[in-house]
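> pasting the structure only:
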Ligand SMILES: [Zn+2]
């Protein structure tokens, strides 16, 4: 089946013009809902049980009423709408203490849409560079031992600008993954004496931890012009932040000599593989590829912008797994207006609702640090 409307949506030039794309978004969601309804029996059952007819979707209100699936559901069920052998990517989320992981599959078409999205988002935020850079990755070295999506993402990011060198903070050894921040420190010192700009990628917690240590040791560097700090690599880190963002940017300036405008933050999730990038005020505006609904935790009715509720993420991007409408267990607020001038609302992630036993990816990283 040709994904006509999804293709149009992912070809949209103005990536934050939500108003102009509402109609297209609804059509692409309808197309995607019908696709999964016809190709995934479990999804069909969910819609049938809810008495929801995907062929009737025609307005944004219908999209609001489309049954959502909680992220937890993908940890217990494998939902695929295409034979697995036809899908090049099977990603798993970073998992929980109970070992549960979401399994999501992506088709070639999904990857193609993802590629177009990344290309447009990075162009818009001026992140492409033809100048080779040294990548310092505060994350896992890719190995055949793991298929964490976060690792694939971090590795993928190192193609934004040509890589002169890639250094990983969490390396595979005979004892499993080990964190080596000392190596990162030495590489930063080396890089500061050269002309090649650096890009850091990955867990904010590690980056912050290392910068704190360097500050305590009185190591102050000036990174080559064109250097950037990018943090991200997963949805989970962003609300579990123990770090005040301003303090983080202050440390980056003090220790590495990199300005706040050259600090970029991303988020995305296995269950919602959309690339959110912060504006210069560090707000995550919703791009045309997605819509965010904040819902009342008791009634699940949408709340007004500015009010807190559960974050429901929507996108018609994926045909491998029905990810059209995913309900997270995170609280957030959708805000209107930003000094950057972008008309699209921005999402503030407040935190997790009451589920204590879930060890997030960031907490897992914390434990590695302690060990
Ligand atoms: Zn903004």
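Looks like it came in fine. Computed from a prediction, not measured in an experiment: that's the story for all the values here. Numbers count the residues shown, from 1 in each chain.
> next one: stretch 203-223 to chain centre, how far?
Relative to its chain's centre, stretch 203-223 lies at 24 Å (Cα atoms, centre = their mean, to the nearest Å).
> That one: which residues count as buried?
Buried residues in stretch 203-223, counted by 16 or more other Cβ atoms under 10 Å: 203-211, 214, 221, 223. Where C-beta positions appear, they are placed from N, C-alpha and C, glycine not excepted.
> again with stretch 270-281
Buried residues in stretch 270-281, defined by neighbour count with 16+ other Cβ under 10 Å: 270-279.
> what about it, how long is it end to end?
Stretch 270-281 has its terminal residues 26 Å apart, counting by Cα to Cα, to the nearest Å.
> picking that back up, restricted to helices, list the buried residues of stretch 203-223.
Assignment to helices by DSSP state H places the following of these there: 204-211, 214.
> quick one: the helices in the protein?
4-10, 18-39, 41-49, 60-65, 71-76, 108-124, 149-157, 181-192, 204-216, 245-251, 361-370.
> what's the longest one packed up against?
Read that as helix 18-39. When contacts are defined as 3 or more Cβ pairs under 8 Å, 6 or more residues apart in numbering; DSSP states H and E, helix 18-39 packs onto helix 4-10, helix 41-49, helix 60-65.
> can I get the ones in helices among the buried residues of stretch 203-223 in CSV with distance to the ion and pLDDT?
CSV is the format used below for these (distance: Cβ to the ion, whole Å; pLDDT from 0 to 100):
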residue, distance to the ion, pLDDT
204, 19, 76
205, 25, 76
206, 26, 79
207, 23, 84
208, 23, 85
209, 28, 84
210, 28, 90
211, 25, 92
214, 30, 96
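> Run a quick neighbour tally on the residue nearest to residue 54 when sequence neighbours are not counted.
Distances taken as Cβ to Cβ, 6 or more residues apart in numbering place residue 33 nearest to residue 54, at 3.7 Å, with adjacent residues excluded. Using other Cβ atoms under 10 Å, residue 33 has 26 neighbouring residues.
> what stretches of the stretch 251-371 of the chain score poorly on pLDDT?
Counting by pLDDT under 70, the stretch 251-371 of the chain contains low-confidence residues at 352-371.
> re earlier: how about the helices and strands packed on helix 18-39, which one is nearest the ion?
Proximity to the ion (Cβ to the ion) singles out helix 4-10 among the helices and strands packed on helix 18-39, at 21.7 Å.
> neighbouring contacts of that closest one?
With contact meaning Cβ atoms under 8 Å, 6 or more residues apart in numbering, helix 4-10 is reached by 21, 24-25, 27-28, 30-32, 113, 116-117, 288-289, 316-317.
> could you redo the last one with a cut-off of 7 Å?
Identification of contacts with helix 4-10 by Cβ atoms under 7 Å, 6 or more residues apart in numbering yields 21, 24-25, 27-28, 31-32, 113, 116-117, 288-289, 316-317.
> Among those residues, which one has the most neighbours?
residue 316 (29 neighbours).
> so who does it touch?
6, 9, 28-29, 31-32, 324.
> again, but for residue 257
221-223.
> can we see that at 6 Å?
222-223 (Cβ atoms under 6 Å, 6 or more residues apart in numbering).
> Spit out the contact partners of the residue of the stretch 151-300 of the chain found nearest the ion.
For the stretch 151-300 of the chain, the residue closest to the ion is residue 279, as judged by Cβ to the ion, at 3.2 Å. Contact analysis of residue 279 by Cβ under 6 Å, 6+ apart lists residue 340.
> measure it to residue 264 for me?
10 Å (Cβ to Cβ, to the nearest Å).
> what do you get for residue 50?
On the measure of Cβ to Cβ, residue 50 and residue 264 end up 39 Å apart.
> ditto for residue 284
From residue 284 to residue 264 the distance is 11 Å (Cβ to Cβ).
> Could you give the number of residues near residue 62?
17.
> pLDDT value on it, please?
For residue 62, the pLDDT comes out at 97.
> ok, and the closest non-adjacent residue to it?
Closest to residue 62 by Cβ to Cβ, 6+ apart is residue 56, at 6.8 Å.
> Thanks again, I'm all set now.
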